[in-house]
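# Take this sequence and fold it.
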Amino acid sequence: MKDIYITKRNGEKELFDIDKFTRSLIRSGATKKDAEHVITLMQDKIVDGMSTHKLYQRAYSLLRKKSGKVAGRYRLKKAILDMGPTGYPFEKLICEMFKLMGYSATSGLVIDGQCVSHEVDVLAIKGNKTVFTECKFHNDVRRKSDVKTSLYVNSRFHDLKNKFRQSDNGDQIYEGWLVTNTRFTNDAEQFGTCAGLKLVSWDFPAKGNLKQIIDQKGMHPITSLHSLTKRDKEALMDKEIVLCRQLRDNVQVLKNMGMTERKIGKIIEEAAQITMYSTD
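As a prediction, this is how the structure comes out:
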């Protein structure tokens with residue numbers, strides 16, 4: 001293939017790297033054979049100046065024809081962005097994450113600290129451990145959570161911990177978490193890690209990042225589903241149904257939305273392919 005330059009989101013041009021593109025497909029769950037098949041079909045359609053958005057959109061379309069599971073995982077980052085514009089559905093996703101990790105979790109609370117009251121996005125409790133979590137949702141994948149966010153989350157965490165310490169029996173463990181759907185700046189990572197916060201972003205830490213947790217726990221959001229319209233997705237998120245895996249226990253909600261049995265079957269089948277929850 002001759003040299004082709006792809007236009008990134010920020011307008012910069014980048015030399016198209018077929019090996020990098022192949023690895024991207026494989027990391028998303030495609031087999032090497034499927035990845036090579038998609039690239040073979042796309043090669044003549046990749047033109048100089050093509051946007052990365054268009055490139056991945058075409059790859060997703062071809063993957064969807066091969067495997068709903070792979071396609072849903074491939075567009076995971078965009079699916080999370082599509083949960084916006086508010087951060088509320090993302091908070092519910094993180095709340096469900098803690099539940100799947102064995103915690104009792106609640107979102108959207110106002111809790112008294114030692115000095116002032118704080119809005120806590122997710123409060124999670126398991127045994128003698130209590131986790132206070134701040135969720136930072138960004139509509140733009142280029143936006144990062146900076147060091148100011150780490151600083152104020154750390155300050156709030158200590159105010160809450162100090163309050164809880166007044167009434168515990170001394171054997172309680174408290175953790176402060178900061179979770180974002182995009183990335184942290186280097187300073188945010190450095191300070192947060194040094195201060196003892198648990199930081200989770202799209203690709204941080206190397207093990208246990210958001211992408212890995214979602215894939216391992218089958219936590220793919222309903223915005224991953226091609227069989228749902230945008231209006232369907234918004235209606236379900238308004239009902240606090242944010243994960244594909246929640247649909248199997250909420251079929252009646254789909255019926256109440258006026259969906260046909262055929263459409264419901266298609267939605268449940270696609271959701272099962274993406275999350276593989278039918279085998280848990």
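
# which sections of the protein are below the confidence cut-off?
1-2, 27-29, 66-74, 276-280 (pLDDT under 70).

# how about the nearest residue to the residue positioned nearest the centre of it, chain neighbours excluded?
For the chain, residue 80 is the residue whose C-alpha lies nearest the centre (Cα atoms, centre = their mean; 5.0 Å). Nearest non-adjacent residue to residue 80, counting by Cβ to Cβ, 6 or more residues apart in numbering: residue 181, 4.8 Å away. To be clear about C-beta, it is placed using only N, CA and C from the backbone, and glycine gets the same treatment.

# how many neighbours does that neighbour have?
Applying other Cβ atoms under 10 Å, we find 26 residues neighbouring residue 181.

# now swap in residue 182 and tell me
21.

# contacting residues around it?
Counting by Cβ atoms under 8 Å, 6 or more residues apart in numbering, residue 182 touches 138, 140-145, 201-202.

# Whichever of the residues you listed end up buried, select them in PyMOL.
To isolate the buried members of these in PyMOL, using 16 or more other Cβ atoms under 10 Å:
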select buried, resi 138+144+145+201+202
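
# which residues sit against stretch 257-269?
Taking Cβ under 8 Å, 6+ apart as the rule, stretch 257-269 contacts 68, 225, 227-228, 232, 235-236, 247-248, 251, 254-255.

# Residue 236 and residue 243 touch, don't they?
No. The pair residue 236 and residue 243 fails to qualify as a contact (Cβ atoms under 8 Å) at a distance of 9.9 Å.

# Quick check: phi and psi at the residue nearest to the centre of the chain.
Dihedral angles of residue 80 (phi, psi; degrees, to the nearest 10) stand at phi -70, psi -40.

# Distance to residue 177 for the contacts of residue 182 - can I get that in TSV?
Listed next are the contacts of residue 182 as TSV, based on distance: Cβ to Cβ, whole Å:
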residue	distance to residue 177
138	17
140	22
141	21
142	23
143	19
144	17
145	12
201	11
202	15
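
# Tell me which of the contacts of residue 182 fall in strands.
If you go by DSSP state E, the contacts of residue 182 have 144-145 in strands.

# Greatest separation within the contacts of residue 182: which pair is it?
Farthest-apart pair in the contacts of residue 182 is 140 and 201; separation 14.3 Å (Cβ to Cβ).

# any residues in contact with both of residue 236 and residue 243?
With Cβ under 8 Å, 6+ apart as the test, residue 236 and residue 243 both reach residue 222.

# excluding its backbone neighbours, what's nearest residue 171?
Closest residue in space to residue 171, ignoring its immediate chain neighbours: residue 128 at 5.6 Å, by Cβ to Cβ, 6+ apart.

# Tell me, how many residues neighbour the one you found?
Here the number of neighbours of residue 128 (other Cβ under 10 Å) works out to 11.

# Determine how far the last residue of stretch 165-181 lies from the first.
Terminal residues of stretch 165-181 are spaced 31 Å apart (Cα to Cα, to the nearest Å).

# What of stretch 194-205?
Termini of stretch 194-205 sit 14 Å apart (Cα to Cα).

# tell me which residues in that stretch are buried?
Those would be 195, 197-202, 204, for stretch 194-205 by 16+ other Cβ under 10 Å.

# roughly how far apart are residue 137 and residue 117?
22 Å (Cβ to Cβ, to the nearest Å).

# These two: which has the busier surroundings?
residue 137 (24 against 12).

# Surely that one and residue 85 touch.
No. At 9.0 Å, residue 137 does not count as touching residue 85 under the criterion of Cβ under 8 Å.

# next SSE after the longest helix belonging to the chain?
Longest helix in the chain by number of residues (criterion: DSSP state H): helix 147-165. Following helix 147-165 in sequence order, the next helix or strand is strand 173-180 (DSSP states H and E).

# The following helix or strand past that following strand pairs with which strands?
Per DSSP H and E, the first helix or strand lying C-terminal to strand 173-180 is strand 183-184. Using DSSP bridges, strand 183-184 pairs in its sheet with strand 144-145 (parallel).

# List the contacts of the partner strand.
In contact with strand 144-145 (Cβ under 8 Å, 6+ apart) are residues 136, 138, 178, 180, 182-185, 188, 201.
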